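# Quick one: sequence and predicted model below, then my questions.
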Amino acid sequence: MKKFLIIFCFALSILYSQEENRSQSIELPDFVITGKESITLPKIQKSSPDFIPLLSKDFFTPEYPNEDQTKVDLPKVETEVLNIGNYSQTTHALLRFSAGLETWPLGEFFYNDWSGNFSYNAHLFGKNELEYVDKAGLSLAGADIGAKYFVDHSSDFLPGLEIGFNGNYFYESFNFYGSATPKINRITNNGFAGLDFNYVSDPFTNFGINFSNSYYQQKDDEIDENIFGTNAYFKLRISDFDFKIEGNFKNQTISALNQNFGNQYYYSSMATLGFKLYDILNLKGGIYLSESEGNTFFAPVAYGSLKFNKSISLYGEFAPNTEFKTLRDFRNLNRYYQLNNFVNLFIENKFNLKAAAKFEYEKYFEISGGVGYINSDNNFYFEDNLQNGFFTIHPEDIEKSYAFINLLFRKGPFGQFYGEIKLQNVSGQNDKYLPYSSTLESQMNYSYDFIGGFGLKLGLLYFGEAYTNYDNTEKIPQSLDFNLSMYYELFRNFNLTLAFENLLNDKYYYFRNYEAKPFDVLAGFEFRW
């Protein structure tokens, strides 16, 4: 209850400070590359009327401009492209470096540039987390690159064509420090490359195709995963009607010592026909088809939105679908999982119903909330049945009901605030709560830039207590992770930074026996040029 009151007070104080926020204009993010040429940048805006999927994971929650990755996989608002022209060039690169009590060092480097219709970017990062408990250290490093080429709409050849390339590599090394044998070390290598073609010649016809290849290696199990994928779409708009067809294909290849898993494939497709009545009503309906290794899934889909006025909108969808989870996905959900009989899972979300409402005032703030229900076959959870700290995958038919509320106050004279509170019930076939599924989760972020070159960011992350086993007899406690970071502009384009992580020094756990990092202080700098 004490931790919940902290969440409530934090939100209340921030909301109170936002009341005069309405009179200010929207500002650009603090790291934006601009120049004489007109370029495209993502900007949080009102939702686009092209709303498939309306209540997708990415619809309601905006991407809060914080460089730290949160521990909750929260939704993000869909962005729309904003053309910005004739700004003086400010910066091409950003270097960050810091070190602290439990982290030594932490660094990243960004670089963006463009020439005519060609733009490119690069990102390097690395982190070394010290052993706050025996064998709890973590080392990771990686790189991202990307490039895009745009063909002018006035060109005689393929006007409106956009070609994009992106790739990344990620390395990490850690120990099973909460297990019976904490000296066991896991090293993973992750790679990805993608090539995109999007053609938008006019407002009525769009189509595109993407090719990608991802690689994942898990050295302790001597297993490699390679996934080739492609997806494509075609969209046609005639008057108040639009037609869209899209498809996705993946092929998984596994190489393992003394084991033969063969190749596994997956594809999904959806076709919809939509109708739009002015800017008030949007309706779409269609079919969804998916298959993996002879298992076929077919379902109708329906979407709708109703806009009462500039401020109030209602949304709803019935969208059964499938998911194809692979080794990389298992690792992303639980780095301490142990390979058993599953290298992939074909999840069937047979019933997926969502409804939501949104209230927004101009571009200053918005409040949204909704409810949903999902019934899944062949889903899964993690559990260390032997209580040895090695988590295996357990397939399970799952029911999930949830409700959420999001609050966003965009940047103004009293800062910027985003908060989400989510209630959920995730249970298996025997009405048992699934392990590590908290009933209450919350995330809140606030930032403020003071006069004189000083700024701060506050972050709060809360998880309610969760069961650690399927029988619901053991729990890990609730957790409250409160962070504070500050910067001071020492001189132009050079900031000194100071960050306090887990400021309350709350002792909480990622999984049973896997204690999270305690209080940490990191000092460093940011340099732009």
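Yep, that arrived. Everything quoted here is computed from the prediction, not taken from an experiment.
# CA atoms for contacts and neighbours, from now on please.
Noted.
# Parallel or antiparallel, which strands does the host helix or strand of Ile347 pair with?
In the assignment (DSSP states H and E), Ile347 maps to strand 344-361. If you go by DSSP bridges, strand 344-361 pairs up with strand 312-318 (antiparallel), strand 321-326 (antiparallel), strand 365-383 (antiparallel).
# What residues of it count as buried?
345-360 (16 or more other CA atoms under 10 Å).
# do stretch 477-491 as well
Across stretch 477-491, burial judged by 16+ other CA under 10 Å covers Gln478, Ser479, Leu480, Asp481, Phe482, Asn483, Leu484, Ser485, Met486, Tyr487, Tyr488, Glu489.
# what pLDDT, on average, does that stretch get?
Averaged across stretch 477-491, pLDDT comes to 97.
# How far off centre is that stretch?
Mean C-alpha position of stretch 477-491 versus that of the full chain (CA atoms, centre = their mean, to the nearest Å) differs by 20 Å.
# likewise stretch 146-155?
Centroid displacement of stretch 146-155 relative to its chain, using CA atoms, centre = their mean, is 27 Å.
# Show the low-confidence segments of the stretch 101-250 of the chain, by residue range.
In the predicted model of the stretch 101-250 of the chain, no residue satisfies pLDDT under 70.
# Tell me how far the spatially closest residue to Tyr467 that is not a sequence neighbour lies from Ile398.
Of all residues not flanking Tyr467 in the chain, Lys475 sits nearest, at 4.2 Å (CA to CA, 6 or more residues apart in numbering). Distance of Lys475 to Ile398, computed by CA to CA, to the nearest Å: 20 Å.
# Could you do Ile287 as well?
Taken as CA to CA, the span from Ile287 to Ile398 is 23 Å.
# Looking at those two, which has the bigger crowd around it?
Higher neighbour count among Ile287 and Ile398: Ile398, with 23 against 17, using other CA atoms under 10 Å.
# Now for the more buried one: which residues touch it?
Counting by CA atoms under 8 Å, 6 or more residues apart in numbering, Ile398 makes contact with Asn375, Ser376, Asp377, Asn378, Asn379, Phe380, Val426, Ser427, Gly428, Gln429.
# Select, from these, the two members most distant in space.
With CA to CA as the measure, no two of those lie farther apart than Asn378 and Val426, at 14.2 Å.
# Neighbour count: those two, which is higher?
The neighbour comparison of Asn378 against Val426 (other CA under 10 Å) goes to Val426, with 21 against 14.
# helix/strand/coil for the nearest residue to Asn513 once chain neighbours are set aside?
With sequence-adjacent residues excluded and distances taken as CA to CA, 6+ apart, Asn513 is closest to Gly178, at 4.9 Å. Using DSSP: H, G, I helix; E, B strand; the rest coil, the structure places Gly178 in coil.
# Tell me the buried residues in stretch 391-400?
Here stretch 391-400 shows Phe391, Thr392, Ile393, Pro395, Glu396, Asp397, Ile398, Glu399, Lys400 as buried, counting by 16+ other CA under 10 Å.
# cool, and stretch 98-114?
Using 16+ other CA under 10 Å as the test for burial, stretch 98-114 gives 98-100, 102-114.
# For the helix or strand hosting Gly304, which helices and strands make contact with it?
Counting by DSSP H and E, the element that carries Gly304 is strand 295-307. In terms of contacts (3 or more CA pairs under 8 Å, 6 or more residues apart in numbering; DSSP states H and E), strand 295-307 is packed against strand 281-292, strand 312-318.
# got those strands as a markdown table, with distance to Arg237 columns?
A markdown table is the format used below for the helices and strands packed on strand 295-307 (distance: least, CA to CA, whole Å):
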| stretch | distance to Arg237 |
| --- | --- |
| strand 281-292 | 13 |
| strand 312-318 | 21 |
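# wait, which of the ones you listed is closest to Asn406?
Closest to Asn406 of those is strand 312-318 (CA to CA; 14.5 Å).
# Restrict that closest one to CA atoms and write it as CSV.
The C-alpha trace of strand 312-318 is given here as CSV (Å, rounded to 0.1, in the frame of the first residue of the first chain):
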residue,chain,number,x,y,z
ILE,A,312,-13.7,12.6,-28.0
SER,A,313,-13.3,9.4,-29.9
LEU,A,314,-14.4,5.7,-29.5
TYR,A,315,-12.6,2.7,-30.9
GLY,A,316,-13.2,-1.0,-31.1
GLU,A,317,-11.9,-4.1,-32.7
PHE,A,318,-12.4,-7.8,-33.0
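# So for it, mean pLDDT?
Average pLDDT, strand 312-318: 98.
# Please enumerate residues in contact with that strand?
Strand 312-318 has contacts (CA under 8 Å, 6+ apart) with 54-55, 301-307, 351-360.
# Thanks a lot, catch you later.
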